[in-house]
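Undergrad: Give the three-dimensional model of this entry:
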Amino acid sequence: LKGYEPYVVQELAIEAKATRYLRARYALPGGGSVLASLPADVLPGSHYGPNLICYVLDQHHHAHVTQPLLLEQLHDFGIDISAGQLSRLLTENQEAFHQEKDEVRAAGLATASYIGTDDTGARHQGHNGYCTVIGNDLFACFASRDSKSRLNFLEVLHGSQRWYAINDIALAYWKEQALSAALVEQLRQGPQEFAGASAWQARLAELAISGDRHVRLATEGALLGGLIARGVPPTLVVLSDGAPQFDLLLHASCWVHAERPLARMVPHNDAHRHVIEQVREHIWQLYQDLKAYRQQPAARAVPDLEARFAALCNQRTGYPNIDAVLKEIRDHQRDLLRVLERPEVPLHNNASESDIREYVKKRKISGGTRSTAGRRCRDTFASLKKTCRKLGINFWTYLQDRVRGLGKMTRLAGRIRQRAAEKHPVPVEAVLV
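TA: Here you go, the predicted model:
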């Protein structure tokens, strides 16, 4: 014998297992009866085991396996299950997961210095809809709605429980949006906080505020004020692709989207092509210097970067289509140069676009959702899966802990707060000194 050589073989054991329990029932002397309990690993009220439920959730929400294909797969494994039973496993009795998603959203917003956001199409019941994602490097939350307006975005930030508040933030928003001073004075009288949409609608009706624009602006301002009242910092930066519905609080725009019209521009001739390439080169040179500034912020570099931005946007190329793009960039100067005051904010929105791609893949495979419960579950499990990935948590392990009710794994919201506290962000003022 000259020793042993290791040789590892990995295998996956997949088998259907059905257990029939005979439960003793005893008659009690005083009337009635008692039934023997089931083993601890049997989920109360379920005829399917936790491993099967976890597998179904993981395959559908993680691997994007459609319900018909998943049903066929389970039948091939020898599982006796109908299409309706599979649908119920995927969409019913998921309140614990919905609650954890709400906790993730609240913790993410409360601890964030910035969030990225994006949206994409998400069909529901045969009609076009939209899915909006919010998040950063610690969390992601998805919400599918029928529109992608600013009002919808504010409702997404609030989650399932909306809070309306009339405070300095709401008043500042109404002033910026030129809401009637008389109407604002009406709103400032009486109650200043309202829990839920019904209470707010009742207040608007009481004040006889019924015009579409007045109702929309009043509601947007109250929802924005409610976010601050619920603990969202007023200094939160919202990073987006530049869409106007996301322009709230402190807004930052993506440089990639700002430059994209030039990249897509079809040149008229060689001279036009040369000018396009020259302007794009100047944009990306400035971008690289802003990127370097993020790594080592210095107050002395700010005037030079601002001057270079102004020189870039104020030039006249002789081509109206190029000058129009430069004017659009100049109009968003504050949003594009947000990094100068908040170096922690990325210069692009790639992370949110990567997150929302989850829905693009789902849409290409499944088309859309058919029930309200199905749409809600799709949002919830996409949020929890992405958040687990960002926190370095195994999604299968997470499902096993939650489905079995073990409670050994820390709540995701707690992990987010812990990771945010470990970062110890340095205040911007201290960085620039």
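
Undergrad: switch to C-alpha atoms for all contacts and neighbour counts from now on
TA: OK.

Undergrad: Could you list the low-pLDDT ranges of the protein?
TA: Within the chain, the stretches with pLDDT under 70 are 424-433.

Undergrad: Quickly note the distance from V360 to T66.
TA: The gap separating V360 from T66 is 14 Å, by C-alpha to C-alpha, to the nearest Å.

Undergrad: What of A243?
TA: Per C-alpha to C-alpha, A243 is found 32 Å from T66.

Undergrad: do the same with D58
TA: According to C-alpha to C-alpha, D58 stands 12 Å off from T66.

Undergrad: out of these two, which sits in the busier spot?
TA: Shown here are D58 and T66; by other C-alpha atoms under 10 Å, D58 has more neighbours (18 against 14).

Undergrad: helix or strand for the closest residue to the more buried one other than its chain neighbours, which one?
TA: In this structure, D58 finds its nearest non-sequential neighbour in W396, 7.0 Å apart by C-alpha to C-alpha, 6 or more residues apart in numbering. Here W396, judged by DSSP states H and E, is contained in helix 395-404.

Undergrad: All the strands of this protein, residue numbers only.
TA: 25-27, 33-35, 114-121, 123-124, 130-135, 140-145, 163-165, 193-195, 237-240, 250-253, 368-369 (DSSP state E).

Undergrad: The third one: how far from the chain's middle?
TA: The offset between the C-alpha centroid of strand 114-121 and the centroid of the whole chain comes to 6 Å, using C-alpha atoms, centre = their mean, to the nearest Å.

Undergrad: all helices for the stretch 201-350 of the chain, in order.
TA: 212-229, 255-264, 270-295, 302-314, 320-331, 333-336, 350-366 (DSSP state H, counting those that start in this stretch).

Undergrad: would you turn those into TSV with distance to R88?
TA: TSV is the format used below for those (distance: least, C-alpha to C-alpha, whole Å):
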stretch	distance to R88
helix 212-229	34
helix 255-264	41
helix 270-295	49
helix 302-314	56
helix 320-331	50
helix 333-336	46
helix 350-366	18
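
Undergrad: Most tightly packed of those?
TA: For these, the largest average neighbour count (mean count of other C-alpha atoms under 10 Å) is found in helix 212-229, namely a mean of 21.

Undergrad: in the stretch 1-150 of the chain, which spans are helices?
TA: Going by DSSP H, counting those that start in this stretch, the stretch 1-150 of the chain shows helices at 50-61, 67-77, 83-91, 95-111, 150-158.

Undergrad: what's the fourth one in contact with?
TA: Right, the one you point to is helix 95-111. Under the criterion C-alpha atoms under 8 Å, 6 or more residues apart in numbering, residues 115, 135, 138-141, 157, 159-160, 231-233, 377, 380-381, 383-384, 411-414, 416-417, 420 lie in contact with helix 95-111.

Undergrad: could you flag which of those residues are buried?
TA: Neighbour-count burial (16 or more other C-alpha atoms under 10 Å) applied to the contacts of helix 95-111 gives 115, 135, 138-141, 157, 159, 232-233, 377, 380-381, 383-384, 412-413, 416-417, 420.

Undergrad: tally of neighbours for S180?
TA: Per other C-alpha under 10 Å, the neighbour tally for S180 reads 12.

Undergrad: Can you give me the buried ones in the helix holding W396?
TA: By neighbour count on 16+ other C-alpha under 10 Å, the buried set for helix 395-404 is F395, W396, Y398, L399, Q400, D401, R402, V403, R404.

Undergrad: Residues touching it, excluding its own?
TA: Residues from elsewhere that reach helix 395-404 (C-alpha under 8 Å, 6+ apart): 41, 43, 50-51, 53-54, 58, 385, 388-389, 407-409.

Undergrad: Quick one, which of the residues you listed are buried?
TA: Among those, those scoring as buried are P50, I53, C54, D58, K385, C388 (criterion: 16+ other C-alpha under 10 Å).
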